[in-house]
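J.: next input, structure requested:
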Amino acid sequence: MEHKDYISDKGIDYIPQGDELDVALTCYNLKFPLMLRGPTGVGKTTLVTYLSRYLQKPLIEESCNEDTLAADLIGRNLPSGWLDGSATKSLRYEDGAIYYLDELGEARQDAIVVVHSLTDDRRTLEVRAHDEVLESPDEWMLIASYNPLYQLQNRVKPSTAQRFVTVDIPFPRSDIEGEIVESFLYGGKVEKEVKQKKFKKRDNIPINDIVKLANDYRKVAKSSDSFGLREGPGTRLVARTAKLIEYGLPDLLAIEVGMINPLTYDPEQKEQMFDIAKKLFR
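T.: Numbering: from 1, shown residues only. Modelled structure (predicted):
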């Protein structure tokens with residue numbers, strides 16, 4: 001068991017490469033779980049730490065591995081008494097917290113089941129050891145990450161992947177990587193100020209087009225020329241994508257993080273799914 005919690009004033013500032021910080025803050029405001037996906041060392045944990053500082057919320061971090069059990073998340077009885085696990089501990093902050101599961105794909109299946117209960121719309125955790133049901137505060141957020149290039153990626157099953165809004169974090173561009181290295185060497189702040197975009201809530205939500213797109217993806221997944229897509233989006237993804245659009249995210253960005261990314265990491269599959277989406281959305 002390895003978990004820690006803190007609000008740190010130290011560390012390298014996160015330099016966004018695209019819309020990932022805006023999507024993360026949108027998920028926080030909408031109470032959606034967020035999955036960060038990308039190779040080792042590209043800044044996934046840096047983004048989470050920066051988000052914790054930006055929101056002034058404690059960060060409770062669980063570094064998952066092949067020995068991570070449900071008890072590490074929920075808690076366990078010790079000779080000295082009950083010890084909260086990392087998930088339980090994060091939910092006890094009345095003003096909310098950022099709960100971060102690093103390398104979720106390496107955790108054991110019973111721990112993944114615990115994550116499922118925290119990623120549906122109820123956002124609750126049952127602690128059966130003492131008949132307690134914890135409800136998440138409004139300002140509580142679950143973020144998970146994993147490296148899809150590991151062989152273990154197949155352990156993040158579709159039933160888990162489809163519970164998250166998903167952002168891919170690639171290796172940074174050369175100019176951004178230079179700023180990161182300079183900040184690391186000299187311990188200074190980055191020159192560019194990171195500002196949250198102000199999104200305008202939409203009234204005209206293209207529900208019929210969103211549902212049609214989901215059905216198009218489902219038909220592709222079932223067909224013989226499915227380009228390898230494992231399955232189509234569930235209704236949860238469809239509804240959350242609609243909510244992201246209502247919040248003000250551009251249509252194609254909402255579709256990317258809300259529907260396409262949770263279904264695949266393969267660049268060719270993503271490109272073909274974008275082509276289908278562009279027939280309905282701009």
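J.: where does pLDDT dip in the stretch 101-250 of the chain?
T.: Residue ranges of the stretch 101-250 of the chain with pLDDT under 70: 151-155, 188-195, 224-226.
J.: so how far is stretch 68-88 from its chain's centroid?
T.: 24 Å (C-alpha atoms, centre = their mean, to the nearest Å).
J.: wait, Ile74 sits on Val114?
T.: Yes: contact criterion C-beta atoms under 8 Å: Ile74 and Val114 qualify, at 6.1 Å. Bear in mind the C-beta positions are built from the backbone N, C-alpha and C, glycine included.
J.: need the overlap of contacts for those two.
T.: 87, 125 (C-beta atoms under 8 Å, 6 or more residues apart in numbering).
J.: show the residue spans covered by the strands in the protein.
T.: Ranges of strands within the chain are 3-6, 34-37, 59-63, 75-78, 81-84, 98-102, 124-127, 132-135, 141-146, 165-168, based on DSSP state E.
J.: other SSEs contacting the longest one?
T.: In terms of contacts (3 or more C-beta pairs under 8 Å, 6 or more residues apart in numbering; DSSP states H and E), strand 141-146 is packed against helix 20-30, strand 34-37, helix 44-55, strand 98-102, helix 109-119.
J.: and for it, what's in contact with it?
T.: When contacts are defined by C-beta under 8 Å, 6+ apart, strand 141-146 is touched by residues 24, 27-28, 31, 33-38, 44-45, 48, 51, 57, 96-106, 115, 118-119, 123, 152-153, 156, 164.
J.: what does the fourth one give?
T.: The contact list for strand 75-78 (C-beta under 8 Å, 6+ apart) reads 82-85, 88, 127, 129.
J.: most neighbours out of those residues, which is it?
T.: Within those, most neighbours by other C-beta atoms under 10 Å means Gly85, with 23 neighbours.
J.: and that residue, how far from Arg76?
T.: 7 Å (C-beta to C-beta, to the nearest Å).
J.: just Asp95 next, same as before
T.: The gap separating Asp95 from Arg76 is 26 Å, by C-beta to C-beta.
J.: picking up where we left off before, adding distance to Ala70 and mean neighbour count, write the helices and strands packed on strand 141-146 out as a markdown table.
T.: Formatted as a markdown table, the helices and strands packed on strand 141-146 follow (distance: least, C-beta to C-beta, whole Å; neighbours: other C-beta atoms under 10 Å):
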| stretch | distance to Ala70 | mean neighbour count |
| --- | --- | --- |
| helix 20-30 | 24 | 21 |
| strand 34-37 | 20 | 26 |
| helix 44-55 | 22 | 21 |
| strand 98-102 | 13 | 27 |
| helix 109-119 | 4 | 18 |
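J.: Tyr247 is nearest to which of the ones you listed?
T.: helix 20-30 (5.7 Å; C-beta to C-beta).
J.: list the buried ones in the longest helix belonging to the chain?
T.: Looking across the chain with DSSP state H, the single longest helix is helix 207-222. Within helix 207-222, the residues that count as buried by 16 or more other C-beta atoms under 10 Å are 209-210, 213-214, 216-217, 220-221.
J.: could you dump the strands of the chain into CSV and include distance to Arg230?
T.: As requested, the strands of the chain are exported to CSV (distance: least, C-beta to C-beta, whole Å):
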stretch, distance to Arg230
strand 3-6, 31
strand 34-37, 16
strand 59-63, 27
strand 75-78, 34
strand 81-84, 36
strand 98-102, 22
strand 124-127, 28
strand 132-135, 33
strand 141-146, 16
strand 165-168, 14
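J.: which of those sits closest to Val257?
T.: Comparison of these against Val257 by C-beta to C-beta identifies strand 165-168 as nearest, at 5.2 Å.
J.: what about Gln269, how many neighbours?
T.: Neighbours around Gln269, by other C-beta under 10 Å: 18.
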